[in-house]
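Undergrad: Predicted model and sequence follow; I will ask about them next.
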Amino acid sequence: MVTPRNIIPGVRVTSTQDIYYTVPSSTRCVLKKVTLTNDDLGNAYTADIWIVPAGGTPVAGNQIGQDVAVGPTETREIFFLENAVMEPGSTLRMQASSGNKMTLFASGVEIV
């Protein structure tokens with residue numbers, strides 16, 4: 001069964017390597033659209049992004065974006081995540097250069 005989902009409905013990105021989505025067991029997820037919005041009027045911020053395999057930790061080998069810049073009042077679509085396939089139990093993790101300055105939204109398709 002294929003189910004379109006709003007997998008991350010809009011959460012603030014922190015300055016630690018937090019988990020923002022975990023693929024349910026016996027399920028795969030195909031990311032469709034991922035955006036970061038910076039609401040600060042005067043400062044740009046960056047984010048590091050990982051897709052971590054089940055049971056793993058964020059390391060250089062699973063980091064898929066480093067210092068992804070989002071300018072003041074900009075919404076940036078993260079194109080390199082489009083159509084990324086996440087396996088059961090894997091996680092989407094991010095860390096911002098400054099906490100609670102950017103909002104993350106993501107949609108995808110879960111396949112059981």
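TA: Happy to help now that I have it.
Undergrad: How far off centre is stretch 66-82?
TA: 10 Å (Cα atoms, centre = their mean, to the nearest Å).
Undergrad: before we move on, what about stretch 97-112?
TA: With Cα atoms, centre = their mean, you get 4 Å for stretch 97-112.
Undergrad: now swap in stretch 26-36 and tell me
TA: Distance, centroid of stretch 26-36 to centroid of chain: 9 Å (Cα atoms, centre = their mean).
Undergrad: Same check on stretch 50-61?
TA: 13 Å.
Undergrad: And the average pLDDT for that stretch is what?
TA: The average pLDDT within stretch 50-61 is 97.
Undergrad: swap in stretch 9-23?
TA: The model assigns stretch 9-23 a mean pLDDT of 97.
Undergrad: How far does it sit from its chain's centre?
TA: Using Cα atoms, centre = their mean, the offset of stretch 9-23 from its chain centre is 7 Å.
Undergrad: can you pull the buried residues of that stretch?
TA: For stretch 9-23, a neighbour-count test (16 or more other Cβ atoms under 10 Å) marks 13-14, 18, 20-23 as buried. C-betas here are computed from N, CA, C, even on glycine.
Undergrad: Please dump the residues you listed into TSV; it should also carry secondary structure and distance to residue 37 for every row.
TA: TSV is the format used below for those (DSSP: H, G, I helix; E, B strand; the rest coil; distance: Cβ to Cβ, whole Å):
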residue	secondary structure	distance to residue 37
13	coil	10
14	coil	15
18	strand	17
20	strand	14
21	strand	17
22	strand	22
23	coil	24
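Undergrad: how near is the most centrally placed residue in the chain to residue 8?
TA: The residue lying closest to the centre of the chain (Cα atoms, centre = their mean) is residue 92, at 5.2 Å. As judged by Cβ to Cβ, to the nearest Å, residue 92 and residue 8 stand 8 Å apart.
Undergrad: where do the contact lists of those two overlap?
TA: 20-21, 106 (Cβ atoms under 8 Å, 6 or more residues apart in numbering).
Undergrad: for these, which one is nearest residue 97?
TA: Lowest distance from residue 97 to these (Cβ to Cβ) belongs to residue 20, with 16.2 Å.
Undergrad: surely that closest one meets residue 9?
TA: No: with contacts counted by Cβ atoms under 8 Å, residue 20 stays clear of residue 9, the gap being 10.5 Å.
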